[in-house]
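In: Kindly generate the corresponding structure for this input.
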Amino acid sequence: MSLSAQKREVIKLDQLLTILNNKSDSLLVLNFWATWCKPCVEEMQEFLRIEQELENKKVRFIYLSLDFKRDFETKLVPFVNKRKMKSDVFLLDEPDYDAWINIVDPSWQGSIPATLLLTPNAENRHFHEGQLTYLELKKIINTYLP
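Out: Numbering: from 1, shown residues only. Take a look at the predicted model:
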């Protein structure tokens, strides 16, 4: 699976594993969220703001939706289009959370929003469960940017 910009698609566990392996030379910021999650929607504006500020840095944002697959075209795509989201947005079609949640991070209790930062070549990781403010997110990202 290539990680080219502006993808909108449904993915499975094997594609998530490719993302988590981060073979790119950029910091990856992975946001696990859903359109039905109020804190996720509130937090999204902070992600989009900082994403725009860092567009010339080696950082890449990927949004991993946990919406239902049946809602991809009717809810997720309109949400993404309305907010003019420029980064990849994937709907993770793996309803058995127990099969993959510990792979993302063993400390994850399962609530969203959740954010995972992966440095190039997946050498370092930072996981945060719960809603982030703009300043919290910026501080975390700046810790890992060269």
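In: quick one, phi/psi of residue 117?
Out: Torsion angles at residue 117 (phi, psi; degrees, to the nearest 10) stand at phi -110, psi 130.
In: which residues touch it?
Out: Going by C-beta atoms under 8 Å, 6 or more residues apart in numbering, residue 117 touches 27-30, 125-127, 140-141, 144. Where you see a C-beta, it was placed from the backbone N, CA and C, and this is true even at glycine.
In: Just give the nearest non-adjacent residue to it, would you?
Out: Leaving aside its chain neighbours, residue 117 sits nearest to residue 126 (4.3 Å; criterion: C-beta to C-beta, 6 or more residues apart in numbering).
In: so who does that neighbour touch?
Out: 116-117, 140, 143-144.
In: Adding distance to residue 68 and secondary structure, write those out as a markdown table.
Out: Below are those laid out as a markdown table (distance: C-beta to C-beta, whole Å; DSSP: H, G, I helix; E, B strand; the rest coil):
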| residue | distance to residue 68 | secondary structure |
| --- | --- | --- |
| 116 | 22 | strand |
| 117 | 27 | strand |
| 140 | 29 | helix |
| 143 | 34 | helix |
| 144 | 32 | helix |
